[in-house]
Structure formats: C-alpha cells, structure tokens
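Chemist: quick one, what's the 3D model for this:
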Amino acid sequence: MQPIIFQGLPAFSDFRIKALQTALNASLKASEDSGAGLSAPSVHISSIDSVEVYFIEAEGPLDEQTSKRACNLLSAQHHFDRLEKGGGFFVTPRKGTISPWSSKATDIFHNCGLDAVAHVERGIHFLITTTDGLVLGIEDLGLALLALHDRMTETVYDDVSDFFRHFEPAPLRTVPLMAEGPESFAKANIDWGLAMSPEEIDYLVKAYQKMERDPTDAELVMFSQVNSEHCRHKIFNADWIVDGEQSERSLFKMIRNTHALNPDGVLVAYSDNSGVLEGAPGDWWEVDQQDGSFAYKKSASQLDILCKVETHNHPTAISPFPGAATGVGGEIRDEGATGIGGRPKAGLSAFMVSNLEVPGYTQPWEKPIAEHPKRMATPMDIMIEGPIGGASFGNEFGRPQLCGMFRTLQLEHNGQHRGYHKPIMAAGGMGNLKREHVAKKDIPPTALII
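Modeler: From the prediction side, this is the model:
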C-alpha cells in the first residue's frame, strides 16, 4: 500500500537555505566547467523550497480523528499536495531501513493510542528552481545532490509509492567448501564482500572442515563483522610484541592488568556492560510497587556508581551526526543494561581528528601531508556535526552531555603520516544502581530466550 504523506513546516531556516543555495550553485558550476553538468550553460539556482514530510504506514486510510491527532503529534499542516505542482524530489532514509527517529516516533504514536499507524518516518521534499524558472530534478543536479543528503544513510527519490515495501527474507547461501575446497571460500570472500584476510580464511576453512559441513553466508558475515567499529576484537587476545620482545600478556590482559593490580573499590570490571564502583548510601527515587498505589517514594539504599566509555569511530567517520548519536545511545543502553538495571545520569563525548583546515584560517602546523579519503567525512564536518549528534541523542533521552574532549593531530614522523583521518569518537558516562541490582541473576537451564 502507498504511504500516507503529511506535509510539515519549512525544513530549513533562511540561513541554511542560503548556504545550501551557495553550495549547490558552486557544485553545478564545477560540473559545467568540467563538462559533466547540464547541457544548458550557466545554470543558476534562484530558490530552494523545502518542507518536512511525514510518511505513515497503515492498513488503510486513516479516519479523520486519527489524521488530526497524527498531525498534532508531528506538527504537520495537512496532507501532502506538492506533487500536484509537478517536479521536486524527496530526501529520506533509505527504503527498507528504520531510522532512530522513526523508532522513537512510532513508539510515541503507539503510546498515544494510535495503533492504526504501523510505522512513521520523516523526510524532506525539495522544489529547486533556476533563474529561468526551470524546476531541477534528480538527474539535473547530479553530484550536487551530495550537498542535500547523507549518502550513507539517506537517498534521493522522486517516487516514494513503495516507501514501506516489505521484502521477503532471502534464503541462506552456503559455500561449497566440502565439495570444491578452499578455493570456493576465497571466491565467496570476494563475491560477498567479506574482506577477510588469508589468515582468517585458513582458520575458518580448517574449522569447517573439522565440523565436516559448509559455512552459511550468515555465519561468515557475522565473522567478518567481528572487526567492528568499537575495536579489533579478533586481535585483542593475540600475542603482543613491543620493541621486538613478546609480552607475557595479550593486549586485553594488559588492559585488564590495571584492575588486577588495584582491585579495591571495584565491584564489576570487564564482565558486564559497564564497570561498577563502590558508591555510598543514598535515597533512590522509585515507584512503590508493594502496596498497589504505585506512588513515587524515596527508598534508602546503597547506591553504587556506573562508569563506561566506548568508541564509535567508523560510523562517525562515515556519517558524523548519526554516527556520534548512536555511539552515545549505545553507551546509555549499556549503563541501563548493567546488572539487572542501572540508571544513566551524565555523559561525555570526545573527538580526535586530523587537521581541521578551517577555510581562511589555516594554522602554521597544518601542512598538506596526506590527502583525506573521499569516503570519509572531513575533520571539519566531523567537528561540526558529531558533537551535536552526540548531545542530541543524550538530551532527547534525558541524559545530558556534561563534558567532552577535542584534539587534532596530523604530522609526518620518520617518513610516515600520522593522524586521525579515521577519527576517534568516544562516548562515556556515569550513573547509579542499587547494590542489590549489581549482580545479574542466574538463567536456569529451562529458561526461554527471546
């Protein structure tokens, strides 16, 4: 079924519209100068008309009351009617994905009793007009569209009739390892884009040959993703060689050695979603579930301290705002999932990037050492969007970002380039939990896992 579309408020301020107009015109001129632009010379954008749009997935048309309540929740004005004017296009999250905003908005709709709405998503509709009155489309703008959307999480569409289309899950594929040997594994590594090293392939080939069965694509994708955005998990327990001498401890054991030498005051370390430090007696504000009144009350308890820091580097490098936002969100989730339930209180975020190279404000130490990879956001973009993304998620959740850290580093040392082209984005925080909630409960053998 086609989505129900509501039209909202203007998507950008006049300041943002002016900046977008400048960026689009500069990109179009560059395309024209290179011969890759429009056939018409000197195309110049005179106006950008952009409005927020909201897509509703429902079993059928919404009744008048539900439509009115949906518009109130979304600050929408009316049903979308700009297609009647002709032209324009949508910028939305990729079809088939669910954005963090959509998850929260859909929950709010259901909590407000709007169960007829299965899914809600948002986007922007653009009408871009030239000085000659030409309304530009997707093909007309070409690479200039990169100024209007995040190419990693969003796409540009002129047809959204299938926006909520549901696809059947694809069947599992297997590598014919037992019949065709290791060569089939190497071929799958290339065909499926697994990016595994020869050593990893050898390891898996031996493991599956020992099990006497073929590996599935689901298993191999999971294994290839173990090298996650947080850290290189596959090498954490590898041998650690410093200045030619092999350490008695692996990298992870070296990290844990600090706690092993100084365990006092630490209740939980390296065994749960967050660390837990000894706290102090205090009052816990909670709902009274004993007498049936469900009134809030203060309960005297021993309140211990949650603490956690993790990184979210690669997502922030690819898409700074959502990358940093989900880094903060994941850290908040981990505090809440410590023991049998913690309470996040305050957060921080940290960013380490290569030279900013602020236009018109080049610093003496900023040398043209190494070209920045096109596939990654620039340090400037990361520092404009990343901190706002992290703070946005924390504030929307109700846990403020109270502090942070920022540094740049890019230099040449012994003939090698050093820097943070791939940035470091660290999300951390502190919270509380009751002493009786610190330890997780045992799961009995007959328990059902959802």
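
Chemist: I'd guessed residue 188 sits against residue 175; true?
Modeler: Yes - counting by CB atoms under 8 Å, residue 188 touches residue 175, with 4.6 Å between them. For the C-beta atoms, the positions are set from N, CA and C on the backbone; glycine is no exception.

Chemist: so which of those two has more stuff around it?
Modeler: residue 175 (25 against 21; other CB atoms under 10 Å).

Chemist: for the more buried one, what are phi and psi?
Modeler: Dihedral angles of residue 175 (phi, psi; degrees, to the nearest 10) stand at phi -90, psi 120.

Chemist: if we can go back for a sec, what's the overlap in contacts for residue 188 and residue 175?
Modeler: Common contacts of residue 188 and residue 175, defined by CB atoms under 8 Å, 6 or more residues apart in numbering, comprise 217, 220.

Chemist: list the buried residues for the lengthiest strand in the chain?
Modeler: The residue-count maximum for a strand in the chain (DSSP state E) belongs to strand 296-311. For strand 296-311, the buried set under the neighbour-count rule, 16 or more other CB atoms under 10 Å, comprises 301, 303-308, 310-311.

Chemist: so who does the nearest residue to residue 250 once chain neighbours are set aside touch?
Modeler: Nearest residue to residue 250, sequence neighbours excluded (CB to CB, 6 or more residues apart in numbering): residue 237, at 4.6 Å. Listed by CB under 8 Å, 6+ apart, the contact partners of residue 237 are 250-253.

Chemist: buried ones among those?
Modeler: Among the contacts of residue 237, the ones that count as buried by 16+ other CB under 10 Å are 251-252.

Chemist: farthest-apart pair in the contacts of residue 237, please.
Modeler: Spatial extent of the contacts of residue 237 (CB to CB) is set by the pair 251 and 253 at 7.4 Å.

Chemist: sorry, back to before: who does the longest strand of the chain pair up with?
Modeler: Strand 296-311 has the following sheet partners, assigned by DSSP bridges: strand 275-287 (antiparallel), strand 424-434 (antiparallel).

Chemist: before we move on, the earlier item: and the residue nearest to residue 250, how far from residue 254?
Modeler: According to CB to CB, to the nearest Å, residue 237 stands 11 Å off from residue 254.

Chemist: helix, strand or coil for residue 370?
Modeler: What DSSP: H, G, I helix; E, B strand; the rest coil gives for residue 370 is coil.

Chemist: and the longest helix belonging to the chain, average pLDDT?
Modeler: If you go by DSSP state H, the chain has its longest helix at helix 14-34. Averaged over helix 14-34, pLDDT sits at 87.

Chemist: same question, stretch 146-156
Modeler: Here the average pLDDT along stretch 146-156 is 87.

Chemist: how about that stretch: buried residues?
Modeler: Buried, per 16+ other CB under 10 Å, within stretch 146-156: 147-150, 153-156.

Chemist: quick one: distance of that stretch to the chain centre.
Modeler: 14 Å (CA atoms, centre = their mean, to the nearest Å).

Chemist: quick one: strands adjacent to the least confident helix or strand in the chain by mean pLDDT?
Modeler: Every helix and strand in the chain was compared by mean pLDDT, DSSP states H and E; the lowest is strand 241-242, with a mean of 82. Take DSSP bridges as the rule and strand 241-242 pairs in its sheet with strand 245-246 (antiparallel).

Chemist: what lies in contact with the strand it pairs with?
Modeler: Taking CB under 8 Å, 6+ apart as the rule, strand 245-246 contacts 239-240.

Chemist: ok, stretch 14-31 next?
Modeler: Defining contact as CB under 8 Å, 6+ apart, one finds that stretch 14-31 is touched by 12, 37-38, 43-45, 47-48, 50, 128, 141-144, 146-148.

Chemist: list buried residues within these.
Modeler: 37-38, 43, 45, 48, 50, 128, 141, 144, 147-148.

Chemist: can you pull the buried residues of whichever strand or helix holds residue 324?
Modeler: Assigned by DSSP states H and E, residue 324 belongs to helix 320-336. By neighbour count with 16+ other CB under 10 Å, helix 320-336 contains the buried residues 320-332, 334-336.

Chemist: buried ones in the very next helix or strand once past that helix?
Modeler: Per DSSP H and E, the first helix or strand lying C-terminal to helix 320-336 is strand 343-353. By 16+ other CB under 10 Å, the buried positions in strand 343-353 come out as 343-345, 347-353.

Chemist: next one: stretch 196-206
Modeler: Buried residues in stretch 196-206, counting neighbours by 16+ other CB under 10 Å, are found at 196, 200-201, 204-205.

Chemist: so which of those residues sit within helices?
Modeler: Filtering those for helices - DSSP H - leaves 200-201, 204-205.

Chemist: let me have these in TSV, extended by distance to residue 119 and pLDDT.
Modeler: Rendered in TSV, the data for these read as follows (distance: CB to CB, whole Å; pLDDT from 0 to 100):
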residue	distance to residue 119	pLDDT
200	38	87
201	40	91
204	38	93
205	42	94
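
Chemist: so which of these is the closest to residue 170?
Modeler: Distance to residue 170 across these (CB to CB) is lowest for residue 204, with 21.6 Å.

Chemist: what's the distance between that closest one and residue 194?
Modeler: Note on residue 204: its distance to residue 194, by CB to CB, is 10 Å.

Chemist: between the two, what contacts are shared?
Modeler: residue 220.

Chemist: low-confidence stretches in this protein?
Modeler: 34-41, 84-85, 226-234 (pLDDT under 70).

Chemist: in a strand, residue 183, correct?
Modeler: No - Residue 183 is assigned helix when assessed by three-state DSSP, not a strand.

Chemist: that one and residue 177, how far apart?
Modeler: Relative to residue 177, residue 183 is positioned 9 Å away (CB to CB).

Chemist: show me which of the two is the more surrounded one.
Modeler: Of the pair residue 183 and residue 177, residue 177 is the one with more neighbours under other CB under 10 Å, namely 20 against 10.

Chemist: please verify my assumption that the more buried one contacts residue 212.
Modeler: No - judged on CB under 8 Å, residue 177 makes no contact with residue 212 at a distance of 9.9 Å.
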